[in-house]
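*Asks:* fold the following and give me the result.
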Amino acid sequence: MSIQIQGVTKLYGEQKALNNVSFTANKGEIMGFLGPNGAGKSTLMKIITCYLKPDNGTITVNGHDIIEDPLAVRKIIGYLPEHNPLYHEMYVKEYLHFIAGIHKLKHKKQRVSSVIETVGLELEQKKRIGALSKGYKQRVGLAQALIHDPEVLILDEPTSGLDPNQLADIREVIRNIGKEKTVMFSTHIMQEVEAICDRVVIINRGNLLVNESSTEILNAHANEQIIIVEFDKEVAKNSLRKINGLARIEELGNNQWKLTSKEQQDFRLAISKYANEHELLVLSMQKQTQSLEEVFKSLTVKS
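*Replies:* Take a look at the predicted model:
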């Protein structure tokens, strides 16, 4: 069981939302799908789930081609879109029975009860969906994606709006599901990716940048040095580019800057030399530990 994506390109007019993207998501694997807003994540998820067609390339889901056999693909995919569409006037349990009926499930009552327990909706099942908090609406959306016990689960921002306790619960649900299904989900929460993902795919402006485990990604960028420095007065960004070994700049405000270098030698020496040459006083200088979030920024944001 897997999702196989080969050379997928999608155009919106002259804008290329996806550019020759290829990768595979396997059974028993939780794949984090990352990228800044507008990178093409939701577009690709909509193509995988047969809501959109690619302009070029092929996608198969457990051997079923999304163009040639979309009905078979839809039957084995559970999908929670970014904007969770729900019938707010319906009650939670009523809604899930309705979705189970659409899938023509046998033993609907047992399956609905099981899914309600899985996503933690026991206390909310008799409430109208419109009366639920955003976090519980997300749980209802996840429940409808799971109701037919799909082989593949596609989740677009599944933890949006959840409080810390709910977040931990849903993470555990996704982690358990990922043991026997193919799970692909997008998120902007890097800690979430590090906590539950087996592999990370990063795209930017429609292009595939990374397809590795989070450990492999961090190891590949382990030589980068990140320094948070505060000067005693305002400094022009173009002036900072003169620092030897500088790879990336981020302004933090109040004369503070995040400076990144890929040089082997201590980057703080170059910053101190620059400050002396430009008659600046360094008020503070702190080395920051590399993280997946920092790597993500370095790959998707230009200084």
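
*Asks:* next structured bit after the helix or strand hosting V112?
*Replies:* Following DSSP states H and E, one finds V112 within helix 108-119. Downstream of helix 108-119, the first helix or strand assigned by DSSP H and E is helix 134-146.

*Asks:* average pLDDT for that following helix?
*Replies:* The average pLDDT for helix 134-146 rounds to 90.

*Asks:* buried set for that helix?
*Replies:* For helix 134-146, burial by neighbour count (16 or more other C-beta atoms under 10 Å) applies to G135, Y136, K137, Q138, R139, V140, G141, L142, A143, Q144, A145, L146. All C-beta spots, glycine's among them, are computed from the backbone N, C-alpha and C.

*Asks:* for G178, see how far away F231 is.
*Replies:* Separation of F231 from G178 (C-beta to C-beta, to the nearest Å): 46 Å.

*Asks:* one more: L105?
*Replies:* Taking C-beta to C-beta, one finds L105 at 22 Å from G178.

*Asks:* which one of these two is surrounded by more residues?
*Replies:* G178 (21 against 17; other C-beta atoms under 10 Å).

*Asks:* wait, what's in contact with the more buried one?
*Replies:* G28, E29, I30, I196, D198 (C-beta atoms under 8 Å, 6 or more residues apart in numbering).

*Asks:* return the set of residues that bridge with the second one.
*Replies:* Spelled out, that is E29. For E29, the beta-bridge partners are T182 (DSSP bridges).

*Asks:* hmm, it is touching D198, no?
*Replies:* Yes: counting by C-beta atoms under 8 Å, E29 does reach D198; the two are 4.8 Å apart.

*Asks:* for these two, work out which one has more neighbours and name it.
*Replies:* Under the criterion of other C-beta under 10 Å, the comparison of E29 against D198 puts E29 first, with 19 against 15.

*Asks:* per-residue pLDDT of the more buried one, please?
*Replies:* Residue-level confidence at E29 comes out at 89, pLDDT.

*Asks:* quick one: the helices in the stretch 151-300 of the chain?
*Replies:* Secondary structure of the stretch 151-300 of the chain by DSSP state H, counting those that start in this stretch: the helices cover 164-177, 190-196, 214-220, 237-240, 267-277, 292-300.

*Asks:* could you export those as CSV, including mean pLDDT?
*Replies:* Below are the helices of the stretch 151-300 of the chain laid out as CSV (pLDDT from 0 to 100):
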stretch, mean pLDDT
helix 164-177, 82
helix 190-196, 82
helix 214-220, 79
helix 237-240, 92
helix 267-277, 92
helix 292-300, 78
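
*Asks:* for these, which one sits closest to R248?
*Replies:* Closest approach to R248 among the helices of the stretch 151-300 of the chain (C-beta to C-beta): helix 292-300, 5.9 Å.

*Asks:* quick one: buried residues of the closest one?
*Replies:* L292, E294, V295, F296, K297, S298, L299, T300.

*Asks:* can you list contacts of it?
*Replies:* In contact with helix 292-300 (C-beta under 8 Å, 6+ apart) are residues 34-36, 39, 190, 193-194, 200, 202, 204, 209-210, 214, 217-218, 221, 224, 226, 247-248, 250, 260, 288.

*Asks:* let's go with 10 Å and repeat that
*Replies:* With C-beta atoms under 10 Å, 6 or more residues apart in numbering as the test, helix 292-300 has contacts from 32, 34-36, 39, 188-191, 193-194, 197, 200, 202-205, 209-210, 214-215, 217-218, 220-222, 224, 226, 247-248, 250, 258, 260, 262, 288, 290-291, 303.

*Asks:* which stretches of the stretch 51-200 of the chain have low pLDDT?
*Replies:* 161 (pLDDT under 70).

*Asks:* quick one on the thing from earlier: CSV please, covering the helices of the stretch 151-300 of the chain and showing distance to K126.
*Replies:* Listed next are the helices of the stretch 151-300 of the chain as CSV, based on distance: least, C-beta to C-beta, whole Å:
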stretch, distance to K126
helix 164-177, 19
helix 190-196, 30
helix 214-220, 40
helix 237-240, 57
helix 267-277, 59
helix 292-300, 40
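
*Asks:* nearest approach to K16 belongs to which of these?
*Replies:* helix 292-300 (16.5 Å).

*Asks:* wait, what's in contact with K93?
*Replies:* K109, V112, S113, I116, L121, E124, Q125, K126, K127, A143.
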